[in-house]
Every structure is written in structure tokens, then in C-alpha cells.
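1. Sequence first, predicted model second:
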Amino acid sequence: MIETIPSFGLGTFRVDAAKTTEAVKSALNIGYRHIDTAQYYNNEAAVGQGVRDSGIARDEVWVTTKVWWERLSRDALIASLKDSHTKLDIGTIDLALVHWPSPKGAVPIAETLAALQEAQQLGLIRHYGVSNFTAPLLEEALAAPGGKDIVTNQIEVSPFLANRSLVDATQKSGVKVTAYMPLGEGRAHKDMTLKAIAAKHGVTPAQVTFAWLLARDIVVLSASTNPAHQQSNWDAQKLKLDADDIAQIDALDEGRRNANPSFAPKW
Ligand SMILES: NC(=O)c1ccc[n+]([C@@H]2O[C@H](COP(=O)([O-])OP(=O)(O)OC[C@H]3O[C@@H](n4cnc5c(N)ncnc54)[C@H](OP(=O)(O)O)[C@@H]3O)[C@@H](O)[C@H]2O)c1
């Protein structure tokens with residue numbers, strides 16, 4: 001059984017259910033042991049199929065799903081995780097995240113955390129955490145009963161949104177940061193600085209980006225249905241950047257956020 005969140009995972013946002021099973025199988029075959037899905041992505045059943053068909057023992061794979069923000073009250077959360085558990089069909093889900101905080105605190109975080117603990121007791125999930133929580137929201141969650149067991153805050157981090165104060169606050173509180181949309185919606189491939197660093201090491205700008213995140217002790221999620229991209233992204237774990245590379249990438253931060261829906265918290 002994997003006890004801590006693996007540092008490099010496959011994302012599945014915007015991956016059609018029809019392509020998801022093959023993508024998951026291919027990634028697991030390469031060596032990925034962490035798959036990220038969500039109720040909102042409508043591909044949990046296909047993720048579960050990929051895990052089951054991969055031939056990799058269930059306890060060697062970490063699967064994360066996320067509970068949509070409209071289902072954070074006790075009854076809705078339990079019902080939705082029962083549904084995720086059925087759709088994934090892989091036994092106990094390794095990690096369930098609160099996908100977005102309840103807008104304007106409509107559902108108190110204490111109620112949601114109590115429901116997540118109940119889901120643990122029911123055997124639906126092993127661990128829980130949060131996503132898109134600001135530093136004050138995370139602080140409030142950590143102070144609530146059950147808050148100390150939050151394992152990660154999954155947030156947007158890319159070279160163009162270093163998200164430094166939230167990353168620091170999360171890590172200082174002992175919670176792992178997981179980065180989503182690491183490539184800045186494709187911008188990393190074209191960035192001149194990342195391209196120059198990549199050329200210096202004989203790698204790709206995507207690999208440079210992932211190595212920069214890993215150097216910050218941030219769990220990386222990268223999404224690809226292309227096995228060659230999956231392999232190359234995975235290989236980024238071997239890349240060691242030097243201090244000069246890291247300083248150059250740090251300087252790309254513009255605080256530019258891609259994920260900012262109407263129900264997002266005040267960042
Ligand atoms: N918690 C949240 O609110 C939240 C929000 C957004 C995302 N997420 C999670 O984080 C994961 C990652 O974010 P993301 O999917 O937006 O972004 P991403 O991994 O930065 O980008 C995915 C896109 O990049 C392409 N790509 C990946 N590797 C490539 C490579 N080596 N060369 C060229 N193109 C490459 C993929 O196309 P190909 O398939 O053609 O390779 C795909 O179109 C998501 O899948 C999801 O699981 C969470």
C-alpha cells in the first residue's frame with residue numbers, strides 16, 4: 001500500500017472517457033503510480049478500468065478523485081463518494097479532495113471534513129485533502145477537527161504562476177503542494193527561457209518545468225494521452241537543474257492564473 005502521495009502523477013482533466021483507459025494503462029506501464037481524476041471530469045469509470053486492466057497490483061497505484069463543490073454538505077458528499085467508489089471500482093479510493101472550497105463558506109469546512117472522516121470509516125477513501133484553497137482557507141481547515149490529516153492542497157503552479165506565498169504557507173503547515181496545469185496551458189513549450197535551459201540539458205521545456213517543480217518539493221500532475229509525451233514527462237524526474245536555471249525560471253513568474261472560475265475563492 002502506498003502511504004504518501006507519489007511525486008509524479010498523470011492528470012486526466014479534459015481527457016475524453018473514451019481515451020482515458022488507454023492513457024492510464026500506458027502511463028502505468030511506463031511507471032506512473034499516481035492517477036488524478038475528479039467527479040467533474042466524467043472519466044472515473046474509465047480511470048478505474050485502466051487501473052484494473054493495467055496488470056499493476058491495485059496496492060501499487062495511488063488514485064485521487066475530487067468532490068465537486070456543490071456536493072460538500074454531509075449527505076451530498078457521502079452520496080457522491082459512494083458514486084465515485086462504484087464508478088472507479090478499484091476498492092478504497094486512495095485520496096479524495098475537496099475540488100474547490102465551498103463558495104462564501106456556504107458549507108462549513110468542519111462539516112465537509114467530518115463527512116470525509118465518515119467516508120474513511122465507511123472504507124470509501126483512505127486519505128483526504130483539499131484543492132484550490134487559499135492560505136486563510138487552508139488555515140481554517142487545518143484548525144477544524146480532522147484538519148491535521150489533510151495530505152495535500154492541489155493548486156495551480158507553473159513557471160508563470162509560481163504561487164510562492166501559497167506554496168510556502170502550505171508547505172510550512174506540513175501539507176504537500178500538488179501542482180496542476182504546470183505547463184501554463186501549453187505556454188511552457190514556447191517560452192524562450194525554458195527552451196534555452198532545455199537546449200542546454202538536451203531535454204524539453206516541459207521536462208525543465210517538471211524538474212523545477214520537483215526541486216520545490218511539489219507533486220507534479222501532467223496530463224497526456226500520447227505515450228511518447230507520457231514517457232518524456234516521466235523522465236523529467238531524472239533531470240537536475242542548477243541554481244542558475246532555477247533562478248531564471250523563478251524570474252518567469254507573472255502571477256498569471258489560468259484557472260479562475262466564477263466560484264473560485266478570492267485569491
Ligand atoms: N484541482 C483542480 O482544480 C485542477 C484544475 C486543472 C487540472 N487539474 C489536474 O491537473 C492535471 C494537469 O493539468 P492540465 O491537464 O491542465 O495541464 P498539463 O498537464 O499542463 O497539460 C496537458 C496538455 O499538455 C499536453 N502535453 C503534455 N505533455 C506534453 C509534452 N511533453 N509535449 C507536448 N504536449 C504535452 C497534452 O497533450 P497530449 O495529450 O497531446 O500530450 C495536454 O493537451 C489535470 O489533468 C488534472 O488532473 C486539477
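-> Arrived safely, thanks for sending.
2. When you work out contacts or count neighbours from here on, use the C-alpha atoms and nothing else.
-> Fine.
3. Next, work out how far apart the residue nearest to residue 131 when sequence neighbours are not counted and residue 43 are.
-> Excluding its sequence neighbours, the residue lying closest to residue 131 (C-alpha to C-alpha, 6 or more residues apart in numbering) is residue 154, at 4.3 Å. To residue 43, residue 154 is 19 Å away according to C-alpha to C-alpha, to the nearest Å.
4. residues near the residue nearest to residue 131, how many?
-> Residues near residue 154, counting by other C-alpha atoms under 10 Å, number 25.
5. name the element it belongs to?
-> strand 150-156 (DSSP states H and E).
6. got the contact list for that strand?
-> Contacts with strand 150-156, where a contact means C-alpha atoms under 8 Å, 6 or more residues apart in numbering, come from 5, 127-133, 142, 163, 170, 175-182, 257, 259.
7. Report the entries of the residues you listed that also contact the ligand.
-> Residues of the contacts of strand 150-156 in contact with the ligand (C-alpha under 6 Å from any ligand atom): 131, 180-182.
8. ranking the residues you listed by neighbours, who comes first?
-> Most neighbours among these, by other C-alpha under 10 Å: residue 182, with 26 neighbours.
9. quick one: secondary structure of that one?
-> coil (DSSP: H, G, I helix; E, B strand; the rest coil).
10. so it makes contact with residue 208?
-> No - using C-alpha atoms under 8 Å as the test, residue 182 is too far from residue 208 to be in contact (10.9 Å).
11. Please, where are all the helices along this structure?
-> Counting by DSSP state H, the segments of the chain that form helices are 17-30, 44-53, 74-88, 109-121, 135-143, 164-172, 187-190, 192-201, 205-215, 227-235, 243-250.
12. can those helices go into JSON lines with extra columns for mean neighbour count?
-> Listed next are the helices of the chain as JSON lines, based on neighbours: other C-alpha atoms under 10 Å:
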{"stretch": "helix 17-30", "mean neighbour count": "21"}
{"stretch": "helix 44-53", "mean neighbour count": "23"}
{"stretch": "helix 74-88", "mean neighbour count": "18"}
{"stretch": "helix 109-121", "mean neighbour count": "20"}
{"stretch": "helix 135-143", "mean neighbour count": "17"}
{"stretch": "helix 164-172", "mean neighbour count": "16"}
{"stretch": "helix 187-190", "mean neighbour count": "16"}
{"stretch": "helix 192-201", "mean neighbour count": "16"}
{"stretch": "helix 205-215", "mean neighbour count": "24"}
{"stretch": "helix 227-235", "mean neighbour count": "17"}
{"stretch": "helix 243-250", "mean neighbour count": "15"}
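13. do you know how far the residue nearest to residue 131 is from the ligand?
-> Using C-alpha to the nearest ligand atom, to the nearest Å, residue 154 is found at 6 Å from the ligand.
14. Check residue 62 too.
-> 13 Å.
15. Neighbouring strands - and their directions - for the strand holding residue 154?
-> strand 125-131 (parallel), strand 176-180 (parallel) (DSSP bridges).
16. For residue 104, give me its contacts.
-> The neighbours of residue 104, taking C-alpha under 8 Å, 6+ apart as the test, are residue 265.
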